[in-house]
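> How does the following fold in three dimensions:
(one chain, ligands or ions: 1)
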Amino acid sequence: MIPPRKTRTIRIRSLRVGGDAPIAVQSMAATRTRDLAATLRQIRILEAAGADLIRIAVDSREDVAALAQLRSQTNAVLSVDLQESYKLAEQVAPHVDKIRYNPGHLHHHERQRSVRDKVAWIADQAARHGCAIRIGVNAGSIAPEYQERFGEDHVSAIVQSAVDHCEIMDALGFRDYCVSIKDSDPRLVIDANMRFAAQRPDVPIHLGVTEAGMPPEGIIKTRIAFEQLLSRGIGDTLRVSLTLPFDDKGKEIEVGRELIRDIEAGRFRSVPPNFFDGLNIIACPSCSRVENEKFIELAEEVKKMTAYAKEHKLTIAVMGCRVNGPGETDDADLGLWCGPTTVNLKKGPQELGAFAYDAILPRLREELDALIEARGRR
Ligand code: SF4
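Numbering: from 1, shown residues only. Sure, this is the predicted structure:
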């Protein structure tokens with residue numbers, strides 16, 4: 001049930017991605033990279049689960065130093081996310097096999113420098129060290145020029161951004177790149193990836209539903225997107241993003257492989273009726289940026305506490321850090337993002353304040369009850 005893919009094959013060190021290569025399954029270490037022992041342990045867990053590629057986050061000089069040490073202690077195919085600091089490419093490229101940059105984050109530094117120049121610089125750093133590149137577009141961080149151009153039409157904005165960055169890579173003669181277009185809503189992921197693949201059938205695609213949340217809902221959302229895309233021959237590598245305790249992160253790989261096996265065998269699981277009509281809890285998969293490990297427990301408690309509202313068509317987002325938390329919760333009816341000692345509560349884009357970890361659930365309940373009541377009056 002997975003037709004032959006039309007993409008070209010790229011190389012990420014020893015790993016072939018795209019074309020007739022097997023669909024590669026990847027994951028991300030959720031530990032603080034500078035905590036060498038914990039990160040190495042996380043890498044071993046993911047390797048043991050069969051990860052083809054492992055991504056690690058680098059946010060500081062200590063993380064870069066740790067990366068060099070990790071490189072000497074593992075043979076895993078490694079990737080690093082540049083996040084807002086595209087200049088980190090120079091320091092991380094010698095130690096990894098792939099670099100991911102987000103077109104929506106390039107404007108944060110050196111605003112006077114053109115996007116094309118920045119991409120050329122990243123591509124140059126990657127080429128010097130034999131790294132592949134992922135152009136990682138995310139609906140939660142659309143580049144300002146695309147926001148202005150497309151307004152509320154987020155799908156057109158992210159697809160066009162990906163297509164334009166592919167053109168920059170092509171013009172630079174950089175070949176070993178792939179593209180991801182992610183969001184937490186699988187329907188948007190399906191639409192955007194189908195539109196991108198129609199325009200660039202040659203470019204390998206990394207699939208993912210970001211911030212899918214906890215199992216089983218996180219798996220169901222991911223399955224919805226992957227069933228629709230892989231069965232159309234779209235998707236050359238994938239990540240299942242799940243909110244899990246660190247020691248269980250290997251489950252992301254197991255679920256990814258199971259999804260591929262099921263789709264190949266034509267075993268499509270039906271989507272629970274009205275899945276999108278009830279309460280939808282989005283939670284980030286957690287990574288080294290999580291500011292308080294109570295986040296995982298909190299996400300689970302939010303799910304339990306809100307079970308009474310499962311018939312209501314509302315979205316609650318629970319995010320692990322201040323980097324992506326504030327922006328990624330804007331579209332939710334209620335959003336929580338975790339700081340070191342407090343949890344910030346939002347109603348749509350409106351901030352409602354920061355609350356202690358042991359005070360947030362009753363406060364969330366008040367807001368949820370008020371929303372349900374207000375909707376009932378309409
Ligand atoms: S929201 Fe923050 S903690 Fe969660 S995955 Fe994204 S960057 Fe990591």
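> and the gap between the residue nearest to residue 213 when sequence neighbours are not counted and residue 315?
Take residue 213 and drop its neighbours on the chain: the residue closest to it by CB to CB, 6 or more residues apart in numbering is residue 283, 4.1 Å away. (Each C-beta comes from the backbone N, C-alpha and C, glycine too.) Residue 283 is 11 Å from residue 315, where distance means CB to CB, to the nearest Å.
> which of those two has more neighbours?
residue 283 (28 against 16; other CB atoms under 10 Å).
> all strands for the stretch 1-150 of the chain, in order.
In the stretch 1-150 of the chain, the strands defined using DSSP state E, counting those that start in this stretch lie at 10-12, 15-17, 24-28, 53-57, 78-81, 98-101, 132-138.
> so residue 90 touches residue 124, yeah?
No. Judged on CB atoms under 8 Å, residue 90 makes no contact with residue 124 at a distance of 9.4 Å.
> part of a strand, is residue 229?
No. Membership of residue 229 in a strand is not supported by DSSP: H, G, I helix; E, B strand; the rest coil, which gives helix.
> and it, how many neighbours?
Here the count is done by other CB under 10 Å, and residue 229 has 22 residues near it.
> and it, what does it touch?
Residues in contact with residue 229, defined by CB atoms under 8 Å, 6 or more residues apart in numbering, are 189, 190, 193, 194, 207, 235.
> Counting neighbours, what do you get for the fifth one?
In other words, residue 207. Under the neighbour criterion other CB under 10 Å, residue 207 is assigned a count of 25.
> Which of the residues in the helix or strand hosting it are classified as buried?
Residue 207 is part of strand 205-209, with elements assigned from DSSP states H and E. Neighbour-count burial for strand 205-209, with 16 or more other CB atoms under 10 Å as criterion, is recorded at 205, 206, 207, 208, 209.
> which among the residues you listed gets closest to the ligand?
Among the buried residues of strand 205-209, residue 208 lies closest to the ligand (CB to the nearest ligand atom), at 11.7 Å.
> after the lowest-mean-pLDDT helix or strand in the chain, next one along is what?
None of the helices or strands of the chain scores lower by mean pLDDT, DSSP states H and E than helix 325-328, at a mean of 84. Once the chain leaves helix 325-328, the next helix or strand it forms, by DSSP H and E, is strand 334-338.
> Parallel or antiparallel, which strands does the next helix or strand along the chain from that next one pair with?
Sequence-wise, the next helix or strand downstream of strand 334-338 (DSSP H and E) is strand 342-347. Paired strands of strand 342-347, with direction, are strand 334-338 (antiparallel), strand 350-356 (antiparallel) (DSSP bridges).
> Out of the ones you listed, which gets nearest to the ligand?
Per CB to the nearest ligand atom, nearest to the ligand of these: strand 334-338, 7.3 Å.
> Tell me who's in contact with the closest residue to the ligand within the stretch 101-250 of the chain.
Nearest to the ligand in the stretch 101-250 of the chain, going by CB to the nearest ligand atom, is residue 211, at a distance of 7.0 Å. Counting by CB under 8 Å, 6+ apart, residue 211 makes contact with 184, 241, 282, 283, 284, 285, 317, 319, 328.
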